[in-house]
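*Asks:* model the following, please.
(chains A and B)
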Amino acid sequence: MKELFYIIAAISVISAVLVVSARSPINSVIALVVCFLSIAGHYVLLNAQFLAMVHVIVYTGAIMVLFLNIIMYMNLNKASEPRKALLTRVSAVVAGGILFLTLLGAIGQGLTAPPANEFDGSIGLVRSVGTVLFTDFLLPFEVSSVLFLSAMVGVVMLAKKDKVTKEVATADLSPAEMERRS
Amino acid sequence: MTMGADIITAIRVVPLEHYVVLSLLLFCIGVAGVIFRRNTIIILMCLEMMLNSVNLLLAAFSAHHSDPRGQVFVFFIMLVAAAEVTVGLSILVMMKRNVDSVDVNQLNRLKG
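*Replies:* Prediction:
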């Protein structure tokens, strides 16, 4: 059990590093899918079965396919991305490392709070999560459907081809950009 | 011991601190990635990774304290992340169409 946790943790960390370091966007997406699947494995280890299912369906099934679709649509599968200056890249790694050390120091004393409730292995099952969702959190659940509706309408408005917007955007370009395009 | 009983005892075998350290690692890799890369798609993916590390932390604490409300919160974060990703990707489509690039450095016109 313990070894399984460390193996899955290593997979998630390595694939997370690959997401950042891969040259091609497609490789990044594949690495992120592996990372998400390993997080689903963590949910299974925590016996959060409902979360594991929803995570695989929503993230791996919907969101990552959306990312792949956009990359295919926009033909972004080129590793021609201009890289940032060496100083920026080094400072990004240093900033991430320092943030990690700071947060690690914050929990350095250890988590001393004892468990709030008596141990119950069945809290992650669909029955218990669903009961809480439809009793204590019924209003937020309904409000989230309104959020989805507004997100859907907003996305359609944003991604729709709009002639006026395009003309304005072209008029706004610098001369060098215009020359580059023509 | 059956497999089911094995799985139920997982949170009791692995210390909670190890879950915290794992989530911290994933979160900090996400932060470094947002600063590191210029491709907007990769930046969006790093944001997703940071949201997921918080989800994992919430689920671990929820299992440790045996309180299903933490897992309901994870569910809501997933809902919001799904909505956020669609809006972010549509903005990216618009940016690609108008500026013909997915480089975030092209979006500095709001600096004034």
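
*Asks:* how would you label residue B:75: helix, strand or coil?
*Replies:* Classification of residue B:75 using DSSP: H, G, I helix; E, B strand; the rest coil returns helix.

*Asks:* surely it is in contact with residue A:132?
*Replies:* No - between residue B:75 and residue A:132 there is no contact under Cβ atoms under 8 Å: 9.8 Å. (Each C-beta comes from the backbone N, C-alpha and C, glycine too.)

*Asks:* compare these two (neighbour count), which wins?
*Replies:* Comparing residue B:75 with residue A:132 by other Cβ atoms under 10 Å in any protein chain shown, the one with more neighbours is residue B:75, at 24 against 18.

*Asks:* distance of that one relative to residue A:67?
*Replies:* 21 Å (Cβ to Cβ, to the nearest Å).

*Asks:* low-confidence bits of the chain, can you list those?
*Replies:* I'll assume chain A. Applying pLDDT under 70 to chain A picks out residues A:77-84, A:110, A:162-182.

*Asks:* wait, chain B was what I had in mind.
*Replies:* In chain B (pLDDT under 70), the answer is B:1-10, B:110-112.

*Asks:* residue boundaries of the helices in it?
*Replies:* B:3-8, B:10-13, B:16-36, B:40-65, B:69-99 (DSSP state H).

*Asks:* and residue A:28, which of the ones you listed is closest to it?
*Replies:* helix B:40-65 (5.5 Å; Cβ to Cβ).

*Asks:* shouldn't residue A:117 be within a helix?
*Replies:* No - counting by three-state DSSP, one finds residue A:117 to be coil, located in no helix.

*Asks:* picking up where we left off before, can you lay out the helices of chain B as a markdown table showing distance to chain A?
*Replies:* Converted to a markdown table, the helices of chain B look like this (distance: least, Cβ to the nearest Cβ, whole Å):
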| stretch | distance to chain A |
| --- | --- |
| helix B:3-8 | 3 |
| helix B:10-13 | 5 |
| helix B:16-36 | 3 |
| helix B:40-65 | 4 |
| helix B:69-99 | 4 |
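
*Asks:* burial check on residue A:135, number of neighbours?
*Replies:* Residue A:135, neighbours per other Cβ under 10 Å, totals 8.

*Asks:* one more: residue B:33?
*Replies:* So residue B:33, with other Cβ under 10 Å, has 24 neighbours.

*Asks:* export the helices of chain B to CSV and tack on distance to residue A:23?
*Replies:* Formatted as CSV, those follow (distance: least, Cβ to Cβ, whole Å):
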stretch, distance to residue A:23
helix B:3-8, 38
helix B:10-13, 37
helix B:16-36, 13
helix B:40-65, 10
helix B:69-99, 19
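
*Asks:* can you tell which of these is closest to residue A:149?
*Replies:* The nearest among the helices of chain B, by Cβ to Cβ, is helix B:69-99 at 9.7 Å.

*Asks:* distance between the closest one and the chain's centre?
*Replies:* 11 Å (Cα atoms, centre = their mean, to the nearest Å).

*Asks:* and it with helix B:40-65, angle?
*Replies:* Angle, helix B:69-99 to helix B:40-65, by axes from the mean of the first three to the mean of the last three Cα atoms, to 10 degrees: 180 degrees.

*Asks:* packing partners of helix B:69-99?
*Replies:* helix A:49-55, helix A:64-74, helix A:126-135, helix A:138-159, helix A:163-171, helix B:40-65 (3 or more Cβ pairs under 8 Å, 6 or more residues apart in numbering or on different chains; DSSP states H and E).

*Asks:* quick check: closest non-adjacent residue to residue A:159.
*Replies:* Distance criterion Cβ to Cβ, 6 or more residues apart in numbering or on different chains; nearest residue to residue A:159, sequence neighbours excluded, is residue B:90 at 4.2 Å.

*Asks:* hmm, the one you found is touching residue A:152, no?
*Replies:* No - judged on Cβ under 8 Å, residue B:90 makes no contact with residue A:152 at a distance of 10.3 Å.
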